[in-house]
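**Q** Could you work out the structure for the sequence below:
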Amino acid sequence: MCQDIGDIDEWGSPVDKGRFLIERHLKEGTPIAELAAANGMHRSWLYKLLARYEAEGESGLVPRSKRPHRSPSRVADLFEDEIVRLRKSLEDAGWDAGPETIHEHLTQRHRQVPSVSTIWRVLRARGFITPQPHKRPRGSYVRFVAELPNECWQMDTTHVRLADGSDVEILNVIDDHSRLCVGARTRRVYQAAGWWRCSPTRSIGSAPRRPSSRTTGPSSPPPTASVSEPWSPSSASLGVDFKHSRPYHPQTCGKVERFHQTMKKYLRRQAAPGSLRTLQAQIDRFVEYYNTTRPHRSLGRRTPAEVFFSRAKAHPRLPSAPGGHRLRHDRVDPGGKLTLRHNGRLHHIGVGRAHAGEVVAIFVSGRDVRIVSEEGELIREFELDPSRDYQPMN
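**A** Okay, the predicted model is just below:
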């Protein structure tokens, strides 16, 4: 088979065309200009090769890398050390330290930053990341997300140990739509009555204290509750439906399960707490960072607080009053009072100036009156005194 001259040498290995032409010039005396013109090359390149040969011998004709000796804009020169420092500092503090998180931190410091894939390559080259080619791709999962913030909460307990080795429980409550941590409280043991006393965290300000329509909890109830017993006696009256997750199927409460992992990773980096108070302080610091600072991958690198407060909230659907009873909606006046007509007589009801301007639901059953906010929170419950025009708070 015919082959182009200069493709292989006498040993059968590939030969660079420039080396071939220099060899012809040296052995046959063919002028450089003639060789360049015949082979479509610039003669200056052949003169350069000839100079290398004269200075270095055969090694001067070996093809060299075209990579520049110095590249001022190369990420390794500008950001590599900072990427490594951020990785170490985030890991040491117990925070998420993936390429996406590091990219967000760099964005806050610089106008132009390397891409997430470039940061991944830097971490891989430094030995911080091991590729996992057999991992199931994220796109293959079918995800459920509530339409609105406060529409659905996920709650579950997890266990940690104090410095003395004793086991305690942490109840975490996550908003399904925004991943916001609505509550995170620790106790020695959680019983049935304790689940709905997990008040909202300080970092979410005026977030509602009840979900809109449903709450998804673990597949088994707390130790003191039966399977058929509602964990919150008042949840049904507030329009909240409590549902158990599927047994042996933690994916049903996947968001709160994943939150457990992130929280525990942080707690492992902290000093072992000696008391519930110390542990709660550590949890509060983590929740503040998680809600307001840490960018979340599933939220488009936004924080849970950004997503939660960016849309209108869902509110509980208040149940209808039983037959023969009354249900009316009214707005609290600037003085913190409502009016209610009973047996043809108008009564004024005090609920406090803190609720001025709020729209509330008034449930009347005979002389028993319950006043509930739009979020489903009980504001006041009392027995009406027909002999008094004004029904005071006390």
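**Q** for residue 260, helix, strand, or coil?
**A** Three-state assignment for residue 260 (DSSP: H, G, I helix; E, B strand; the rest coil): helix.
**Q** pLDDT (mean, whole number) over stretch 26-44?
**A** Summarised as a single mean, pLDDT over stretch 26-44 is 83.
**Q** cool, stretch 87-107 as well?
**A** For stretch 87-107, mean pLDDT rounds to 86.
**Q** which residues touch it?
**A** Residues outside stretch 87-107 that contact it (C-beta atoms under 8 Å, 6 or more residues apart in numbering) are 79, 82-83, 86, 113-117, 119-120, 123, 128-129, 262, 265-270, 286, 289, 294-295, 297, 301. Where you see a C-beta, it was placed from the backbone N, CA and C, and this is true even at glycine.
**Q** Go through the residues you listed and flag which are in strands.
**A** Among those, none falls in strands (DSSP state E).
**Q** Quick check on those: which are buried?
**A** 79, 82-83, 86, 113-114, 116, 119-120, 123, 128-129, 262, 266-267, 270, 286, 289, 294-295, 301 (16 or more other C-beta atoms under 10 Å).
**Q** Pull the contacting residues for the closest residue to residue 26 other than its chain neighbours.
**A** Among residues not flanking residue 26 along the chain, residue 53 sits closest, at 7.7 Å (C-beta to C-beta, 6 or more residues apart in numbering). For residue 53, the contact set (C-beta under 8 Å, 6+ apart) comprises 22, 26, 60, 61.
**Q** let's see 6 Å
**A** By C-beta atoms under 6 Å, 6 or more residues apart in numbering, residue 53 lies in contact with 22, 60, 61.
**Q** so what secondary structure elements neighbour the longest helix anywhere in the chain?
**A** Identified as the longest helix of the chain according to DSSP state H is helix 276-292. Under the contact definition 3 or more C-beta pairs under 6 Å, 6 or more residues apart in numbering; DSSP states H and E, helix 276-292 sits against strand 181-187, helix 304-309.
**Q** hmm, back to that, pLDDT value on the residue nearest to residue 26, please?
**A** pLDDT, read off for residue 53, is 83.
**Q** go on, residue 205?
**A** The model reports residue 205 with a pLDDT of 42.
**Q** Repeat that for the one 5 residues further on.
**A** In this prediction, residue 210 carries a pLDDT score of 50.
**Q** repeat for residue 237
**A** Residue 237 is assigned a predicted lDDT (pLDDT) of 52.
**Q** Repeat that for residue 69.
**A** Looking at residue 69, its pLDDT stands at 68.
**Q** likewise residue 10?
**A** 41.
**Q** do the one 10 residues further on as well
**A** With respect to pLDDT, residue 20 has a value of 79.
**Q** Any figure for the gap between it and residue 66?
**A** 19 Å (C-beta to C-beta, to the nearest Å).
**Q** Could you check which of those two has the larger neighbour count?
**A** residue 20 (17 against 5; other C-beta atoms under 10 Å).
**Q** what about the more buried one, which SS state?
**A** Residue 20 - assigned by three-state DSSP - is helix.
**Q** quick one: it from residue 39, how far?
**A** Per C-beta to C-beta, residue 20 is found 9 Å from residue 39.
**Q** Same check on residue 18?
**A** Counting by C-beta to C-beta, the gap from residue 18 to residue 39 is 9 Å.
**Q** can you check residue 356 too?
**A** For residue 356, the distance to residue 39 - C-beta to C-beta - is 92 Å.
**Q** Over to residue 117?
**A** Residue 117 is 41 Å from residue 39, by C-beta to C-beta.
**Q** now residue 48
**A** Taken as C-beta to C-beta, the span from residue 48 to residue 39 is 15 Å.
**Q** can you check residue 374 too?
**A** The gap separating residue 374 from residue 39 is 85 Å, by C-beta to C-beta.
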